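Participant: Let me see the structure of the following:
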Amino acid sequence: MSSTAAAPPIPEDPEARSTRLSGPAFWAAFVLASCGLMLTVNQVFNLGLGGFRPISTAYYYLIIGFFGAFAFLAFPAVKAHKARVPWFDWILAAATLGLGIWLATEALRIQLAGWNATAPDWAAWLALALLVLILDGVRRTGEIVLFFACLIFGVFPIVADSAPGFLWGVQFSPLDTVREHVFGTESIIGIPMQVVSDTLIGFLVFGVVLSATGGAAFFMDFALALMGTSRGGPAKVAVVSSATFGMLSGSPTSNVLTTGTLTIPTMKRCGYAPHYAGAVEACASTGGALMPPVMGAAAFIMANFLNVPYAEVMVAAVLPSLLYYGALFLQTDLYAVRNGLRGVPRSEVPPLLPTLASGWYYIASIVGLTVLLLAFRIEAEAPFWVCLFLLVVAVLRARSTGFDLRRFCGLVVDSGQAVAQLVALIAGIGLIIGSLSITGVANSFSRELVQYAAGNVALLLFFGAVTSFILGMGMTASACYIFLAIVLAPALVQAGLDPMASHLYVLYWGIVSFITPPVALAAIAAASIAKSSPMVTGLMALRIGILLMLLPVLFVLQPALILRGDLVTILQSVLTASVAVVLIASAFEGYVYKVGATPLWARLPIGAGGLLMLIPEATTDIIGLAIGAASIAALAVTRGRAAA
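Facilitator: I've put the predicted structure just below:
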């Protein structure tokens, strides 16, 4: 049977509006989303609308109430309820909203009276009801692996004193565990929920607004106008458009299903093999989650863990992202040269200037967002200003964009769904963090890990890579990062590694599973569009995106690659890494510019030379460059010079 015949149907966009949200459910969701978003704007800008200025903990409880209730309307308990909202989901939504409002009204009392230790039993039982709802929300919005992780760690304090070795911790009674989770500030309203509520909601709304006003289509047309007619143009368009849109949406799988439906068929039509086309799109979409200025939820949480402005995380992530996309771009170009592929006919390419004129405001929004983040450092407010700008332009251009009141209501609901899904997941993940924190295991785990590794940095990095990869299979990138930022990143820092590099290391390895079999969600989504074998596409994506696995090791060992250190070291590292990327891309694609196709005997040493140059040592840099240059010279002599 051919791989084409075995291709699965195109999956649904995980961020598309829930089919349950129609009729009364749509308008109930609209009200919940509107209240939640207005509450966020009121808090972020400190407006005090109607004299309403809740304390921080009250605000977090309200966010859980409004968006947790939304989650019960949007996400079904079982697949059979995918198209409708059954009566019990209405009750669960109302209960979540009611408990959130109750906790908000009691927030000051909870704080002053220390309810995390002294709450009356009746309050603890109500808190338990909220925990049950939160766990069900995780089950509905996340993978089953994450649900069991939250459940097991959530009850862990009850048996912490019986746990073996480095998992031993302080024990709590069942009701005391509930009190700490709900009334304390380290669990469901801990750092992750604080970051989501204080900073991230605006960026989620920005991604929805960008998509709803036609941003994805513009970036596709813009990339097509720039590079569509060049050799292998469709693949380059996929790299650029997916990188541009992905860095704003932050969701690899959704990015594939948004841009890939256009780029993958075009790549196939221009001669790219189906599995290669799918792999290129999967890699380009996955890298978008690591590309500034937005990068996804985990990057904002990282800034909070490190206690640095988000702008520092952005700056640190720039160079690795550019190297990664440079490698993708080179490989698609070398593949096109080797196989004699051409671009899209000029008649099918939109003209550049009219394309810019029709969507200049999308580019302006990216520039504006970057300036607000880097120059003014107003992380929480920035996305709302950019959203307002895009909405005003969409309204003024309503005749061409078709943006009307109906689409605005849909945009509000879509924004609410994006926030609700993340809030439901983060509330559950808070149970993991809270348990590790109150029992003291979070600190002891990292110390024990350093002791087990006996100071061996390579062993620590190996532990980190394997753990991150495994967790990344069953958790979202944010969940994986948060868990490991608590237990693993401190161990890397204690071993003497740069804190920013250590946290980025964990984040990168959590993302790798999107293009790595057996899970490879982004590659599977791309394969369904390309009508190719998911496993073959995943393996090709792993090969094309191999730098995504190498980069975190490199910048941990050489922080200059995340722009830490003196200027000379940074420039030297950039130059060395760039040459290494060219050599590795040439080896993988079997073609060297100005020399020609490369046989296996030359590809192996060229690739080895590139890998040696990635090691942050002057000696290995020189040896790697010498091996690569000698192999290319030998190839030129034996085969003659051929024009690229």
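
Participant: Residue ranges in the protein under the pLDDT threshold?
Facilitator: By pLDDT under 70, the low-scoring segments of the chain are 1-14, 248-250, 455, 474, 640-644.

Participant: Run through the strands of it in chain order.
Facilitator: Using DSSP state E, the strands assigned to the chain run over residues 591-592, 596-597.

Participant: in its sheet, what does the first one sit against?
Facilitator: Within its sheet, and counting by DSSP bridges, strand 591-592 is paired with strand 596-597 (antiparallel).

Participant: Throw the strands of the chain into a markdown table and include mean neighbour count and distance to S400, thanks.
Facilitator: Bear in mind the C-beta positions are built from the backbone N, C-alpha and C, glycine included. As requested, those are arranged in a markdown table below (neighbours: other CB atoms under 10 Å; distance: least, CB to CB, whole Å):
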| stretch | mean neighbour count | distance to S400 |
| --- | --- | --- |
| strand 591-592 | 25 | 43 |
| strand 596-597 | 16 | 48 |
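
Participant: Turn the ones you listed into JSON lines, columns for distance to K531.
Facilitator: What follows is the strands of the chain, written out as JSON lines (distance: least, CB to CB, whole Å):
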{"stretch": "strand 591-592", "distance to K531": "27"}
{"stretch": "strand 596-597", "distance to K531": "28"}
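
Participant: Any idea which of these gets closest to A630?
Facilitator: strand 591-592 (12.8 Å; CB to CB).

Participant: how far does that closest one sit from the chain's center?
Facilitator: Centroid separation for strand 591-592 versus its chain: 33 Å, with CA atoms, centre = their mean, to the nearest Å.

Participant: Use 82 as the first number for this chain going forward.
Facilitator: Sure thing, new numbering starts at 82, so read that last one as strand 672-673.

Participant: Tell me where the stretch 132-281 of the chain has helices.
Facilitator: Secondary structure of the stretch 132-281 of the chain (DSSP state H, counting those that start in this stretch): helices at 137-155, 168-186, 188-194, 196-199, 202-222, 225-240, 255-264, 272-276.

Participant: Mean neighbour count, the ones you listed: which tops it?
Facilitator: helix 137-155 (a mean of 27; mean count of other CB atoms under 10 Å).

Participant: Send over that helix as CSV, restricted to the C-alpha atoms.
Facilitator: Presented in CSV, the C-alpha positions along helix 137-155 are these (Å, rounded to 0.1, in the frame of the first residue of the first chain):
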residue,chain,number,x,y,z
SER,A,137,-4.5,40.5,42.9
THR,A,138,-5.7,37.2,44.4
ALA,A,139,-9.3,38.2,43.9
TYR,A,140,-8.5,38.9,40.3
TYR,A,141,-6.9,35.5,39.8
TYR,A,142,-9.9,33.8,41.3
LEU,A,143,-12.2,35.7,39.0
ILE,A,144,-10.1,34.7,36.0
ILE,A,145,-10.5,31.0,37.0
GLY,A,146,-14.2,31.6,37.5
PHE,A,147,-15.0,33.2,34.2
PHE,A,148,-12.7,31.3,31.9
GLY,A,149,-13.0,28.0,33.8
ALA,A,150,-16.8,28.3,33.2
PHE,A,151,-16.1,29.0,29.5
ALA,A,152,-14.0,25.8,29.3
PHE,A,153,-17.0,23.7,30.4
LEU,A,154,-19.1,25.2,27.7
ALA,A,155,-16.5,24.9,24.9
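
Participant: what angle do that helix and helix 202-222 make?
Facilitator: 50 degrees (axes from the mean of the first three to the mean of the last three CA atoms, to 10 degrees).

Participant: re the thing from before, would JSON lines of the helices of the stretch 132-281 of the chain with distance to V394 be doable?
Facilitator: As requested, those are exported to JSON lines (distance: least, CB to CB, whole Å):
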{"stretch": "helix 137-155", "distance to V394": "22"}
{"stretch": "helix 168-186", "distance to V394": "30"}
{"stretch": "helix 188-194", "distance to V394": "30"}
{"stretch": "helix 196-199", "distance to V394": "31"}
{"stretch": "helix 202-222", "distance to V394": "25"}
{"stretch": "helix 225-240", "distance to V394": "24"}
{"stretch": "helix 255-264", "distance to V394": "29"}
{"stretch": "helix 272-276", "distance to V394": "12"}
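
Participant: Could you point out which of the ones you listed sits nearest F595?
Facilitator: helix 225-240 (15.2 Å).

Participant: what about the residue lying closest to L437 once chain neighbours are set aside, how many residues close to it?
Facilitator: Distance criterion CB to CB, 6 or more residues apart in numbering; nearest residue to L437, sequence neighbours excluded, is F303 at 7.1 Å. Using other CB atoms under 10 Å, F303 has 23 other residues around it.

Participant: Equivalent analysis for S712, please.
Facilitator: Neighbours of S712 (other CB under 10 Å): 24.

Participant: right, and it touches P680 too?
Facilitator: No. S712 is beyond contact range of P680, at 10.6 Å (criterion: CB atoms under 8 Å).

Participant: ok so, going back, which stretch among the helices of the stretch 132-281 of the chain comes nearest V593?
Facilitator: Closest approach to V593 among the helices of the stretch 132-281 of the chain (CB to CB): helix 225-240, 16.6 Å.

Participant: which other helices and strands contact the closest one?
Facilitator: Helices and strands touching helix 225-240, by 3 or more CB pairs under 8 Å, 6 or more residues apart in numbering; DSSP states H and E, are helix 202-222, helix 255-264, helix 486-520, helix 538-555.

Participant: okay if I get these as TSV plus distance to L623?
Facilitator: Compiled in TSV, the helices and strands packed on helix 225-240 are given as follows (distance: least, CB to CB, whole Å):
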stretch	distance to L623
helix 202-222	28
helix 255-264	39
helix 486-520	26
helix 538-555	12
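
Participant: Can you pull the domain assignment for the chain?
Facilitator: Domains of the chain are assigned by automatic domain parsing as 105-271, 276-484, 658-725.

Participant: Of all the ones you listed, which one is nearest I643?
Facilitator: Closest to I643 of the domains of the chain, according to CB to CB: domain 276-484, at 4.0 Å.

Participant: And stretch 508-516, how far out from the chain middle?
Facilitator: For stretch 508-516, the distance to the chain centre is 20 Å (CA atoms, centre = their mean).

Participant: quick one: contacts of it?
Facilitator: The contact list for stretch 508-516 (CB atoms under 8 Å, 6 or more residues apart in numbering) reads 145, 149, 212, 215-216, 218-219, 223, 227-228, 230-231, 234-235, 237-238, 241, 258, 261-262, 265, 267-274, 522-523, 559-560, 563-564, 567.

Participant: and if we set it to 7 Å?
Facilitator: Stretch 508-516 is contacted from outside by 145, 149, 215-216, 218-219, 227, 230-231, 234-235, 237-238, 261-262, 265, 267-269, 271, 273-274, 560, 563-564, 567, using CB atoms under 7 Å, 6 or more residues apart in numbering.

Participant: follow-up on the earlier one: how about the helices of the stretch 132-281 of the chain, which one is nearest F636?
Facilitator: helix 272-276 (23.2 Å).
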